[in-house]
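J.: can't give you the sequence, but here's the structure:
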């Protein structure tokens, strides 16, 4: 998280990552944020404003790479993808040919069409689920994990 639009975001994100590491059993592979300039809306004098936007890069590629590496090195016999990014369509489809794959949509929108599939394809046992606000509340880390305190407002 860049913290550019929310100065506390970087601190909250780092606190969360530190708590995850302290809880054990979690490997964290970070993506990156890139600043990109785009042509904005037309101003009153007929010119276009230039706007800086943040674009997240790398995390979908990292997820895909780890899924396929773990699959083909036989480190896993099933997988759960937490995404609604249709860029993961091809690696998810490939993994479903070999192992059961659960797909969890963390958004309030319908699951992306590219992530859907046949429950019984390949070895079968595939499933899809859309997270709810209640799911997220029920799965939060404790208020304090190894000295890392949950920030206010979470």
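T.: Yep, it's here. It should be emphasised that the depicted structure is a prediction, and the values quoted were computed from it without experimental measurement.
J.: residue 85 and residue 112 touch, don't they?
T.: Yes. Residue 85 lies in contact with residue 112 (CB atoms under 8 Å); the separation is 7.0 Å. Every C-beta, even on glycine, is put in place using the N, C-alpha and C of the backbone.
J.: for residue 114, which residues are in contact?
T.: Neighbour list for residue 114: 86, 88-89 [criterion: CB atoms under 8 Å, 6 or more residues apart in numbering].
J.: distance to residue 79 and neighbour count added to the residues you listed, as CSV?
T.: Formatted as CSV, the contacts of residue 114 follow (distance: CB to CB, whole Å; neighbours: other CB atoms under 10 Å):
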residue, distance to residue 79, neighbour count
86, 17, 15
88, 11, 21
89, 15, 16
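J.: what's the closest of those residues to residue 97?
T.: The nearest member of those to residue 97, counting by CB to CB, is residue 89 at 13.3 Å.
J.: and the host helix or strand of the closest one, which residues are buried?
T.: Under the criterion of DSSP states H and E, residue 89 resides in helix 89-96. Neighbour counts over helix 89-96 (16 or more other CB atoms under 10 Å) mark 89, 91-96 as buried.
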